[in-house]
Every structure is written in structure tokens, then in C-alpha cells.
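1. Have a look at this prediction, sequence included:
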Amino acid sequence: MTRKKLIAGNWKMNGSLEANEALVRAVLAGLPGAAGDRAEAAVCVPAPYLSQVQQLAKGTALATGAQDVSVHASGAYTGEVSAAMLREFGARYAIVGHSERRQYHGETDAQVADKAKAALAAGITPIVCVGETLAEREAGQTEAVVKRQLAAVIHVNGHCISEIVVAYEPVWAIGTGKTATPEQAQQVHAVLRAQLHAASTHDDRVRILYGGSMNAANAATLLAQPDIDGGLIGGASLKAADFLQIIAAASAAAA
Ligand code: PGA
């Protein structure tokens, strides 16, 4: 099965009404040419801007997504945003378990698995992030760490696992300008692919994105790897020209 490549921008905590409008309009202007019908594009934006970006992208091929979701459906959880709320504002995707959430907000594998479940229950595709720190890589634990992180999500989500997107994001590559080599990334993606295959008969639907300093210059070689089905793009998704070049590389890789 050929999986349509997905390029998802992760704006993180960046943007303003004015900057978002300029960025989204520029992305939309170049999107048909860059993506063709061979690649999908999405932007995962801060929750307050979902409505704005949903309006700007209405009727276009650009999907919108959130960067986190609550495990809870509703109630006394100050500051939390539920999957149903995100859905009302058109979120098609929600990043869960980003390393910045794991690191700065203490999210555990079990919570990440529950967040994926909450998203799926609301009809939102979770983009489940896994990845090792530099210390874990140097200690030879890369495979064990990513397998443990994905196993928790498989355990809680059972047969729905074919509905998720996985993002392999080595923590040492995020925002550092240090990208995993295509071979390093492919090696981990193959491990994740095998794990998904063992868990589901529909695993060939699941896209495994690479994230961590993917940019206009290195996207093509990463996306040429057999098990790299797209990218989760931080810094480079804030520049329309760079983001469009990455989308064009995904489209070319799929040709
Ligand atoms: P980066 O971030 O592209 O800026 O490294 C990727 C991410 O954290 O999703």
C-alpha cells in the first residue's frame, strides 16, 4: 500500500493574528503547486488560533491540527482543552506526547496513550511523538525507548492503532539543527514499522513521520527512505517558502 506523505507543521508557541494570516496565505498560495495530489499538508497551531486558521484554510487542502489534547472529556480541569472542543474548531490532527510536553510537563507514556485515545474518540488523528534523548542514544537505548513509548499507545488503543500517525523525533535533533542522518532515521522507522505490523493487520496505513530539524535542504533525502512517510516540522514550518519546499520534496518522493 502506498501511504500518502504527510507534512505537518508544528508552530509550537509562535504566532500572532497578523503573522498567522500572512503565513497561511503564503502557504495556501503555493500549496497546489507544491503538493499536487501526492502529499498532504497540515499545520498544528496554538489552540487560540485554531478558529482563525480554520477560516483561512476553509475549502483548501491545508488541514489544521492542535498541539496537545486533554485526556478528559469535560469537567474541572482548569486550562485543559478537550478533543471535542478541538474538533468543533476543525482540528483534524492533534500532536500528542511531543518531547517538550514529556520533558517540561512531565507527561508519561500512559498519559500520552490516553491522549491518543481521547483524540481518536473525537475523530481526531493523533500524531504520536516518540524519540530518544542524546543520553539514551549514547547508551544504546534508542530502540528500547521508542518501542516502550509506542507500546504504551498500542496497549491502550488496540485495534484503533491503524488510525494514528507516529512521529519519530529524536530529542537531540529538535530545534538544534542536528538532523538524524537518513540512515539513522530509517533504522528507527523500520523498528517502529515492525512493531506496528505485529500489533495490527492494517498497519500499512499508519504513516511514520520524521521530525527534528527537517528543513528545505535535507527533506528530500529523508523522505526518500522507504519507511519515512512525511515530516513533523517545527522551525521551518514558520517560513512559508521553506515549508512549501518540504511539501514539494514529499510530493516528489511520492512520484
Ligand atoms: P524542529 O522541531 O523542526 O524545529 O526541530 C520539530 C518538532 O519539535 O516537532
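-> Okay, I see it. Residues are numbered from 1 along each chain as shown.
2. Would you mind listing what in the stretch 101-250 of the chain touches the ligand?
-> 169, 174, 175, 211, 212, 213, 214, 232, 233, 234, 235, 236 (C-beta under 6 Å from any ligand atom). Backbone N, C-alpha and C define where each C-beta goes, glycine included.
3. okay, who's weakest in the residues you listed by pLDDT?
-> For those, the weakest pLDDT value sits at residue 175, with 90.
4. so it touches residue 213, yeah?
-> Yes - contact criterion C-beta atoms under 8 Å: residue 175 and residue 213 qualify, at 7.1 Å.
5. Would you map the strands across the stretch 101-250 of the chain?
-> 125-130, 165-168, 207-211, 230-233 (DSSP state E, counting those that start in this stretch).
6. Mind putting these into TSV with mean neighbour count?
-> Shown next, in TSV, are the strands of the stretch 101-250 of the chain (neighbours: other C-beta atoms under 10 Å):
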stretch	mean neighbour count
strand 125-130	27
strand 165-168	27
strand 207-211	27
strand 230-233	30
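7. Are any of the residues of the stretch 101-250 of the chain next to the ligand buried, and if so which?
-> Buried by 16 or more other C-beta atoms under 10 Å: 169, 174, 211, 212, 213, 214, 232, 233, 234, 235, 236, out of these.
8. of these, closest to residue 182?
-> residue 214 (10.8 Å; C-beta to C-beta).
9. thought the closest one was touching residue 225?
-> No - with contact defined as C-beta under 8 Å, residue 214 and residue 225 do not form a contacting pair (12.0 Å).
10. so which residue of the stretch 151-255 of the chain comes closest to the ligand?
-> Using C-beta to the nearest ligand atom, the closest approach of the stretch 151-255 of the chain to the ligand is made by residue 234 at 2.2 Å.
11. For the nearest residue to that residue once chain neighbours are set aside, name its beta-bridge partners.
-> Nearest residue to residue 234, sequence neighbours excluded (C-beta to C-beta, 6 or more residues apart in numbering): residue 10, at 5.0 Å. Beta-bridge pairing for residue 10 (DSSP bridges): residue 44.
12. Identify the residues contacting residue 10.
-> 44, 67, 95, 98, 211, 232, 233, 234, 237 (C-beta atoms under 8 Å, 6 or more residues apart in numbering).
13. go with 7 Å
-> 44, 67, 95, 232, 233, 234, 237 (C-beta atoms under 7 Å, 6 or more residues apart in numbering).
14. Equivalent analysis for residue 142, please.
-> By C-beta under 7 Å, 6+ apart, the neighbours of residue 142 are 132, 136, 188.
15. now swap in residue 65 and tell me
-> 8, 42, 43, 44, 91, 92, 93, 94, 95.
16. for those residues, which one is nearest residue 53?
-> Nearest to residue 53 among those, with distances taken as C-beta to C-beta, is residue 43, at 6.4 Å.
17. my read: the closest one touches residue 7, true?
-> No - using C-beta atoms under 7 Å, residue 43 makes no contact with residue 7, being 9.6 Å away.
18. would JSON lines of the contacts of residue 10 with distance to residue 29 be doable?
-> Converted to JSON lines, the contacts of residue 10 look like this (distance: C-beta to C-beta, whole Å):
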{"residue": "44", "distance to residue 29": "20"}
{"residue": "67", "distance to residue 29": "25"}
{"residue": "95", "distance to residue 29": "25"}
{"residue": "232", "distance to residue 29": "23"}
{"residue": "233", "distance to residue 29": "18"}
{"residue": "234", "distance to residue 29": "22"}
{"residue": "237", "distance to residue 29": "16"}
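19. And the furthest pair within the residues you listed?
-> Maximum distance among the contacts of residue 10 (C-beta to C-beta): 13.0 Å, for 67 and 233.
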